[in-house]
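Engineer: Here is my input, please return the structure:
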Amino acid sequence: MKGGRSKAETKATDSKLSVKRGAPSEKAGRKPAKKGKAAKDPNKPKRPASAFFVFMEEFRKQYKEKHPNNKSVAAVGKAGGDKWKSLSDAEKAPFAAKAEKRKTEYNKQIAAYNKRMAEGPADEDESDKSRSEVNDEDEEEGSGEEEEED
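Structural biologist: Here you go, the predicted structure:
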């Protein structure tokens with residue numbers, strides 16, 4: 001038999017394949033794998049747009065006016081990318097300036113956010129109800145008692 005396996009070789013290979021497999025964390029002292037990503041904080045400021053994306057905001061409006069029947073997002077992106085590549089540095093400067101302005105605002109916001117996070121989270125009770133709602137409820141309860149006394 002050329003290239004064929006004998007019965008003894010087949011049995012040996014099959015026994016190697018039928019090894020019991022445990023969880024990956026159980027093998028050779030490995031740490032258990034992380035389960036999912038950490039939850040994102042919805043209060044965290046979003047990163048600012050780059051000069052290209054500031055350009056694309058305006059370009060989309062212009063492109064939509066010229067091509068009202070276009071439904072393809074890819075076509076708008078491709079046309080915007082080609083236009084951006086053809087712009088000179090002088091033409092890109094206003095978009096870079098807007099992006100830089102947004103970046104400085106973001107840096108202020110993220111600094112304030114980090115300061116709040118370092119101080120600790122707000123009280124759980126106040127996050128569910130604003131102070132005005134809590135005060136309104138107290139007043140309503142008090143007014144009901146007064147009417148009963150009369």
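Engineer: Any regions of this structure where pLDDT drops low?
Structural biologist: Residue ranges of the chain with pLDDT under 70: 1-34, 121-150.
Engineer: how about 80 then?
Structural biologist: 1-36, 120-150 (pLDDT under 80).
Engineer: That one: helices as residue ranges?
Structural biologist: Using DSSP state H, the helices found in the chain span residues 7-17, 51-66, 73-86, 89-119, 124-128, 131-149.
Engineer: Which strands or helices does the fourth one pack on?
Structural biologist: The reference is to helix 89-119. helix 51-66 (3 or more Cβ pairs under 8 Å, 6 or more residues apart in numbering; DSSP states H and E). Heads up, the C-betas are built off the backbone N, CA and C, glycines and all.
Engineer: now the angle from the helix it packs on to helix 73-86?
Structural biologist: 120 degrees (axes from the mean of the first three to the mean of the last three Cα atoms, to 10 degrees).
Engineer: same for helix 51-66, what does it pack against?
Structural biologist: helix 73-86, helix 89-119.
Engineer: which residues touch the first one?
Structural biologist: Helix 73-86 is contacted from outside by Phe52, Phe55, Met56, Phe59, Arg60, Tyr63, Lys64, Asn70, Lys92, using Cβ atoms under 8 Å, 6 or more residues apart in numbering.
Engineer: buried set for it?
Structural biologist: Neighbour-count burial for helix 73-86 flags Val76, Ala79, Gly80, Trp84 (criterion: 16 or more other Cβ atoms under 10 Å).
Engineer: residue contacts, Tyr113?
Structural biologist: The neighbourhood of Tyr113, defined by Cβ under 8 Å, 6+ apart, consists of Asn43, Lys44, Pro45.
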